[in-house]
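# Here is the input, now give the coordinates:
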Amino acid sequence: MIVIDAASPVPPFEQLRAQLARQIQDRTLAVGTRLPTIRHLAADLGLAVNTVGRAYRELEEAGLIETRGRAGSFVSAAGEEGRERARRAAADYAAVIASVGLDTSEAIRIVQAALTSGAAAPASS
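Numbers count the residues shown, from 1 in each chain. You can find the predicted model right below:
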C-alpha cells in the first residue's frame, strides 16, 4: 500500500519512489511483479501522471523496475543483482577496514558520512 502525505516536505514523486523501492528491496513486491500503469496509479493516489512517471523513471534508472513497452512496468531482477553487488562491496570494505586497523564504529561512521553527503558514487562494473 502506498500512502502520499500531502503535508510532507518530501515531494510526492520521492515519497512514491521511496515506498516502491522499499517494497522491492524487502521483497513485498517480488521480481516479475507487474506494477500498475502510470495513469492508473496516478488516479488511485490523486497524483499527476507526470509525478508517477518521474518516480517510475527513477526506479528504472536505479535498476529496480523495467518497462516492457505496452506490456507495462515490472519489478526487475536487476534489483537482486544490485543487492548482491552491495554485499560484495560491503565484504571488500570490511576487509579494507580490518587491514588498516579501524574499529567497527568508525567504519560505520565513514559509510554513513559517504551516504549522507552524496559522496557515494556508483561503482563501475
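# Report how many residues lie close to the residue lying closest to Gly53 once chain neighbours are set aside.
Closest residue to Gly53 apart from its sequence neighbours, by C-beta to C-beta, 6 or more residues apart in numbering: Ile38 at 5.1 Å. Quick note: C-beta positions are derived from backbone N, CA and C, even for glycine. As a burial measure, Ile38 scores 21 neighbours (other C-beta atoms under 10 Å).
# Could you check how far Ile38 is from Val10?
The gap separating Ile38 from Val10 is 20 Å, by C-beta to C-beta, to the nearest Å.
# Over to Ala89?
From Ala89 to Val10 the distance is 27 Å (C-beta to C-beta).
# Hmm, Gly63 is touching Ala77, no?
No: if you go by C-beta atoms under 8 Å, Gly63 and Ala77 don't touch, sitting 9.3 Å apart.
# Okay, and Arg54 sits in which element?
helix 49-61 (DSSP states H and E).
# who's in contact with that helix?
12-14, 16-17, 20-21, 24, 35, 38-39, 41-42, 45, 65-67, 73 (C-beta atoms under 8 Å, 6 or more residues apart in numbering).
# residues near Ala89, how many?
So Ala89, with other C-beta under 10 Å, has 11 neighbours.
# Do a quick rundown of the strands in this structure.
All strands of the chain, identified by DSSP state E, fall at 65-67, 73-75.
# Nearest to Ala113, out of those?
Distance to Ala113, taken as C-beta to C-beta, is lowest for strand 65-67 among these, at 29.5 Å.
# quick one: average pLDDT of the helix holding Arg54?
Throughout helix 49-61, pLDDT has a mean value of 96.
# Could you tell me the angle between the lowest-mean-pLDDT helix or strand in the chain and helix 49-61?
Taking mean pLDDT, DSSP states H and E as the measure, the chain has helix 78-100 as its least confident helix or strand, at a mean of 84. Computed with axes from the mean of the first three to the mean of the last three C-alpha atoms, to 10 degrees, the direction of helix 78-100 lies at 50 degrees from that of helix 49-61.
# what about dumping the CA coordinates of helix 78-100 to PDB?
Coordinates of each C-alpha in helix 78-100 appear next as PDB, following Å, rounded to 0.1, in the frame of the first residue of the first chain:
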ATOM      1  CA  ALA A  78      18.500  -6.400 -11.600                       C
ATOM      2  CA  GLY A  79      17.500  -5.300  -8.100                       C
ATOM      3  CA  GLU A  80      18.700  -8.700  -6.900                       C
ATOM      4  CA  GLU A  81      21.900  -8.200  -8.800                       C
ATOM      5  CA  GLY A  82      22.400  -4.800  -7.200                       C
ATOM      6  CA  ARG A  83      21.800  -6.200  -3.800                       C
ATOM      7  CA  GLU A  84      24.500  -8.900  -4.400                       C
ATOM      8  CA  ARG A  85      26.900  -6.200  -5.700                       C
ATOM      9  CA  ALA A  86      26.300  -4.300  -2.500                       C
ATOM     10  CA  ARG A  87      27.000  -7.400  -0.400                       C
ATOM     11  CA  ARG A  88      30.300  -8.000  -2.200                       C
ATOM     12  CA  ALA A  89      31.300  -4.300  -1.900                       C
ATOM     13  CA  ALA A  90      30.500  -4.500   1.900                       C
ATOM     14  CA  ALA A  91      32.700  -7.500   2.200                       C
ATOM     15  CA  ASP A  92      35.500  -5.800   0.300                       C
ATOM     16  CA  TYR A  93      35.100  -2.700   2.500                       C
ATOM     17  CA  ALA A  94      35.200  -4.800   5.700                       C
ATOM     18  CA  ALA A  95      38.400  -6.400   4.500                       C
ATOM     19  CA  VAL A  96      39.900  -2.900   3.900                       C
ATOM     20  CA  ILE A  97      38.800  -1.700   7.400                       C
ATOM     21  CA  ALA A  98      40.400  -4.700   9.000                       C
ATOM     22  CA  SER A  99      43.600  -4.300   7.100                       C
ATOM     23  CA  VAL A 100      44.000  -0.700   8.100                       C
END
